[in-house]
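Student: here's a sequence, model it:
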Amino acid sequence: MGITPEDIEEKVFRERFRGYDPVAVDHFLDAVASGIRELTAQRDASVARIRELEELARGDVGGLMHRTMGEVERVTADARNRGKQELDRARRDAQELLEQAEVGAHKTLAAARERAQREEQQAKAQAAEARNTAEDTLRVSRDHAYRELEDARSRIDKVRAAAEQLEQFRASYEDRLQSVVTEQFAVFERIYQVLSLPELPRELRKLENLTMDVEALASVKGQSNGRQPVPASSEAARSGEPARSGEPARSGEAARSGEPHQRDRNSSDRGDKPAEKPAGEGNDNFAEGTGSGKSARTL
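Tutor: From the prediction side, this is the model:
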């Protein structure tokens, strides 16, 4: 026999994808080797028995040979039948193991493919979710940055507008301040010129004398008409208007008769002449305080 039980036990097969289960094949080969070893032992026992029978039957070679050959044929046939049965059973077991291995391989491959597809779908879903989250975050960040930029631009425009208004106000204020300073300086210079006139005290005394003459004339006219003399200052107080220096206050029939004293007429002519006003602000106060002096100076 060309194959021994040791050859079967030590046989090594190459592994390939979707091949047989190595453990099942090894178990099957072990079973086949065990069966062949048992058959070999039976064969050896039969050979030993044949030899024993040959030695015992040397005396009766014919009958013993016949019996021995019959026994040998029976044992050989029995061994051959048993070996064939064992071989057929081994082949059936191997075929079943092969079919089971193929079914298991198909199931394993199908499960692996299904698991791979499921993991691939999960990975795609996670990638899509991550991409959507990143896009949402980017869009929110971009919108927030755009709003911040627009707000900053608006604040910058407001600050620039306020700065321009402040600059315009500063320039206008400087112009007005310069104009006021110039006018005030002109007023002060005019006051200084007026106060520096050497004839101012003399003119003021003349104005006082003229006022006294006017009051005396008014008193005389009032007595001639049966009235009490009314000073010019009292007349002005009753009328609610301030008495102007250099202009006599007419009262009673003297004012209505139109016949004032010659000095009164002259003084009135001199007092009706308007006083000059200095340029700039504060001219009204200056005119009220110095109008009589100017009228007297023009005599």
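Student: poorly predicted segments of the stretch 101-250 of the chain, please.
Tutor: For the stretch 101-250 of the chain, the stretches with pLDDT under 70 are 196-197, 199-200, 222, 224-250.
Student: which one's the longest helix in the protein?
Tutor: In the chain, assigned by DSSP state H, the helix with the most residues is helix 61-195.
Student: following that helix, which helix or strand shows up next?
Tutor: Using DSSP states H and E, the helix or strand that follows helix 61-195 towards the C-terminus is helix 200-224.
Student: report the buried residues of that next one.
Tutor: 200, 203-204, 206-207, 210-211, 214-215, 217-219, 221-222 (16 or more other C-beta atoms under 10 Å). All C-beta atoms are positioned from the backbone trio N, CA, C, and that covers glycine.
Student: how is the protein divided into domains?
Tutor: By the assignment in automatic domain parsing, the chain contains the domains 5-125, 199-297.
Student: so which bits of stretch 89-102 are buried?
Tutor: 90, 94, 97-98, 101.
Student: please apply the same query to stretch 177-197.
Tutor: Neighbour counts over stretch 177-197 (16+ other C-beta under 10 Å) mark 183, 187, 190, 194 as buried.
Student: cool, stretch 130-145 as well?
Tutor: Of the residues in stretch 130-145, none is buried (16+ other C-beta under 10 Å).
Student: before we move on, what about stretch 142-160?
Tutor: Counting neighbours by 16+ other C-beta under 10 Å, one finds that stretch 142-160 has no buried residues.
Student: could the buried residues of stretch 89-102 be laid out in JSON lines, adding distance to Ser34?
Tutor: Listed next are those as JSON lines, based on distance: C-beta to C-beta, whole Å:
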{"residue": "Ala90", "distance to Ser34": "10"}
{"residue": "Ala94", "distance to Ser34": "14"}
{"residue": "Leu97", "distance to Ser34": "16"}
{"residue": "Leu98", "distance to Ser34": "20"}
{"residue": "Ala101", "distance to Ser34": "21"}
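Student: which member of these is positioned nearest Arg51?
Tutor: Of all these, Arg51 sits closest to Ala90, with 30.0 Å by C-beta to C-beta.
Student: the closest one contacts Asp30, correct?
Tutor: No. The pair Ala90 / Asp30 is not scored as a contact, 10.9 Å apart, by C-beta atoms under 8 Å.
Student: how much space separates the closest residue to Gly104 other than its chain neighbours from Ala94?
Tutor: Spatial nearest neighbour of Gly104, chain neighbours left out: Asp21 (6.8 Å); criterion: C-beta to C-beta, 6 or more residues apart in numbering. Noted for Asp21: a distance of 12 Å to Ala94, by C-beta to C-beta, to the nearest Å.
Student: Asp30 too?
Tutor: Applying C-beta to C-beta, the value for Asp30 to Ala94 is 12 Å.
Student: go on, Ala33?
Tutor: Per C-beta to C-beta, Ala33 is found 13 Å from Ala94.
Student: now swap in Glu71 and tell me
Tutor: Distance of Glu71 to Ala94, given as C-beta to C-beta: 34 Å.
Student: also Asn81?
Tutor: Counting by C-beta to C-beta, the gap between Asn81 and Ala94 amounts to 20 Å.
Student: could you do Glu189 as well?
Tutor: 138 Å.
Student: do the same with Leu207
Tutor: Counting by C-beta to C-beta - Leu207 and Ala94 are separated by 157 Å.
Student: same check, this time on Arg82
Tutor: Distance, Arg82 to Ala94, by C-beta to C-beta: 18 Å.
Student: look at the residue nearest to Gly104 and report its pLDDT.
Tutor: For Asp21, the pLDDT comes out at 70.
Student: likewise Gly252?
Tutor: Gly252 is assigned 40 on the pLDDT scale.
Student: let's number from 81 now, not from 1
Tutor: In the new count, where the first residue is 81, that last one comes out as Gly332.
Student: could you dump the buried residues of helix 280-304 to a markdown table with distance to Glu90?
Tutor: Below are the buried residues of helix 280-304 laid out as a markdown table (distance: C-beta to C-beta, whole Å):
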| residue | distance to Glu90 |
| --- | --- |
| Leu280 | 153 |
| Glu283 | 157 |
| Leu284 | 156 |
| Lys286 | 162 |
| Leu287 | 158 |
| Leu290 | 163 |
| Thr291 | 161 |
| Val294 | 164 |
| Glu295 | 165 |
| Leu297 | 170 |
| Ala298 | 167 |
| Ser299 | 170 |
| Lys301 | 171 |
| Gly302 | 170 |
